[in-house]
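Peer 1: One predicted model, sequence on top.
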Amino acid sequence: MENNLSDGNYTLLGEMPIINDFILPRTYHGKISLDPISLYNYIVFPIFTKFLIEKPKVIKKKCIRCGVCVRSCPEKAIMVDKVSAIIDYSKCIKCYCCHEQCPEGAIDLKRINL
C-alpha cells in the first residue's frame, strides 16, 4: 500500500516566517555532541534496544504462506518463500502489524538471546 497523500512537491505560499531565538538541534547534519543525552540517545539506547525490544519471528510449522503478513507490513520487510514467511530485520520497524494480523498465529514476538 502506498502513501497517496502527496507527490513530494510543495510550494511555499507567502514569506518564510522569522523564528526568534531558534537554535539548531545538537545533532544537526549528524554532528553529535558529547553531552550525556546525546551519548545515551545515539550510543547506549541503540545497543540496548537491539537486545531488549522484541522482534517478530515466524513459526515455520504454523505458517500457511497466506501472505497476510506481507500485505500488512508497512515497510515491505516480509516476503514468502516455498516454506514460510521471511522477515528482513534490516527493514523491520517493529510495528508488530504482522503479528497482529496473522490468522494462524504464526508470528511470535521474541527477544534476541545474548
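Peer 2: Yep, that arrived. Remember, predicted model here, so these are calculated numbers, not experimental data.
Peer 1: how about Met79, what does it touch?
Peer 2: Going by CB atoms under 8 Å, 6 or more residues apart in numbering, Met79 touches Val70, Ala85, Ile86, Asp88. For every residue, glycine as well, the C-beta is placed using N, CA and C.
Peer 1: List phi and psi for the nearest residue to Lys94 once chain neighbours are set aside.
Peer 2: Using CB to CB, 6 or more residues apart in numbering and skipping residues adjacent in sequence, the residue nearest Lys94 is Ile53, 5.9 Å away. With angles defined as degrees, to the nearest 10, Ile53 sits at phi -80, psi 130.
Peer 1: Could you check how far Ile53 is from Ile47?
Peer 2: Computed as CB to CB, to the nearest Å, the Ile53 to Ile47 distance reads 12 Å.
Peer 1: go on, Val68?
Peer 2: 33 Å.
Peer 1: now do Asn9
Peer 2: Asn9 sits 39 Å away from Ile47, going by CB to CB.
Peer 1: who's more crowded, the two?
Peer 2: Neighbour count, other CB atoms under 10 Å: between Asn9 and Ile47, Ile47 has more, with 9 against 5.
Peer 1: How about the secondary structure of the more buried one?
Peer 2: Under the three-state scheme (DSSP: H, G, I helix; E, B strand; the rest coil), Ile47 adopts helix.
Peer 1: tell me the contacts of it?
Peer 2: Ile47 makes contact with no residue under the criterion CB under 8 Å, 6+ apart.
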